[in-house]
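**Q** With the input below, show me the fold.
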Amino acid sequence: MTREQAHLELMHAIQAAPTKAPCVALPVPAWVSDDLAEQSRAAKLCQHCPVLTQCRTYLHTYGERAGVWAGTTLSQRWADTGKPKENDP
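**A** This is a model prediction of the structure:
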């Protein structure tokens, strides 16, 4: 599966979820903020997301170089791996 196909599948899962994902229900700037405190608050909202598992799978497979994904901030993801994933854009 390509990155684009996986992203589209994740977006479909978000739309089909029984409750809205926090990133959809609360479109706050914190999801893409440069402020670490805002990012941390946004990441905590992911804890009860109905598609957290799918989002986490997408993130671990394809990586993301910006924003809050699957309850993690960019700095947390880089700290875990030491660098972005090779197939990051």
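
**Q** Quick check: closest non-adjacent residue to L10.
**A** Excluding the flanking residues, the one nearest L10 by Cβ to Cβ, 6 or more residues apart in numbering is Y58, at 4.9 Å. Where C-beta positions appear, they are placed from N, C-alpha and C, glycine not excepted.

**Q** Burial check on that neighbour, number of neighbours?
**A** 21 (other Cβ atoms under 10 Å).

**Q** and the gap between it and I14?
**A** Look at Y58 and I14: by Cβ to Cβ, to the nearest Å, they are 11 Å apart.

**Q** Let me see the contact set for the residue nearest to V24 when sequence neighbours are not counted.
**A** Of all residues not flanking V24 in the chain, I14 sits nearest, at 6.0 Å (Cβ to Cβ, 6+ apart). By Cβ atoms under 8 Å, 6 or more residues apart in numbering, the residues touching I14 are A21, C23, V24, V51.

**Q** mind saving the C-alpha coords of the helix or strand containing the third one as PDB?
**A** Translated: V24. Using DSSP states H and E, V24 sits in helix 22-25. In PDB, the C-alpha atoms belonging to helix 22-25 read as follows (Å, rounded to 0.1, in the frame of the first residue of the first chain):
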ATOM      1  CA  PRO A  22     -10.400  15.000  18.300                       C
ATOM      2  CA  CYS A  23      -8.500  16.400  15.400                       C
ATOM      3  CA  VAL A  24     -11.800  16.700  13.500                       C
ATOM      4  CA  ALA A  25     -14.100  17.600  16.300                       C
END
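
**Q** Cool, thanks, signing off.
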